[in-house]
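In: The amino acid sequence is not available; the structure is as follows:
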């Protein structure tokens, strides 16, 4: 991942900060409310306060969205516990699973694998551009043997969404 280490240009998820703030707010709200209810009932002890704090931290961990970044030839997803990176210019497989809570699975020639929500790509055209550019290189090199159709379909969806947004903003619809 030489591009990451050299600090090459990177595109990030521009909706992540708002989602992270919402996750922190929900976890804090849960923690404060449980502490207040326990205190009002007269049953708050240091052990129970620690329990409520631990549960709040667990809620934050579950709600905190993964941070997606991309640059020339790479895509990274960093969750609360680990970071996964794939080389988009040497992908071997792309799959999409699920309907309601769909997610993309990407695998590269180095054995790396990551999963991400396609909604992140819909909301971030720069991320989509970096992924699409890498996928085109994978197709040119002949490494991507399964999944090009999944990304083509996703690309059409993203292009349609962006075109509608431009038309709506210009008042042409």
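Out: That came through fine. Being a predicted model, the structure only gives us computed values, none of them experimental. Numbers count the residues shown, from 1 in each chain.

In: Distance from the longest helix anywhere in the chain to the middle of the chain?
Out: Counting residues, the longest helix in the chain under DSSP state H turns out to be helix 16-41. The chain centroid and the centroid of helix 16-41 are separated by 23 Å, computed with C-alpha atoms, centre = their mean, to the nearest Å.

In: what's the weakest-modelled helix or strand in the chain?
Out: helix 2-5 (a mean of 42; mean pLDDT, DSSP states H and E).

In: following it, which helix or strand comes up?
Out: strand 11-12 (DSSP states H and E).

In: Paired strands for that following strand, with orientation please.
Out: strand 67-71 (antiparallel) (DSSP bridges).

In: Next, the buried residues of the partner strand.
Out: Buried positions in strand 67-71, judged by neighbour count with 16 or more other C-beta atoms under 10 Å: 67-71. Quick note: C-beta positions are derived from backbone N, CA and C, even for glycine.

In: what does stretch 38-53 give?
Out: 38, 44, 52.

In: Which one of those residues is nearest to residue 32?
Out: Distance to residue 32 across these (C-beta to C-beta) is lowest for residue 52, with 9.1 Å.

In: how far away is the nearest residue to that closest one once chain neighbours are set aside from residue 41?
Out: Among residues not flanking residue 52 along the chain, residue 34 sits closest, at 4.5 Å (C-beta to C-beta, 6 or more residues apart in numbering). Going from residue 34 to residue 41 by C-beta to C-beta, to the nearest Å gives 11 Å.

In: Nothing else from me, thank you.
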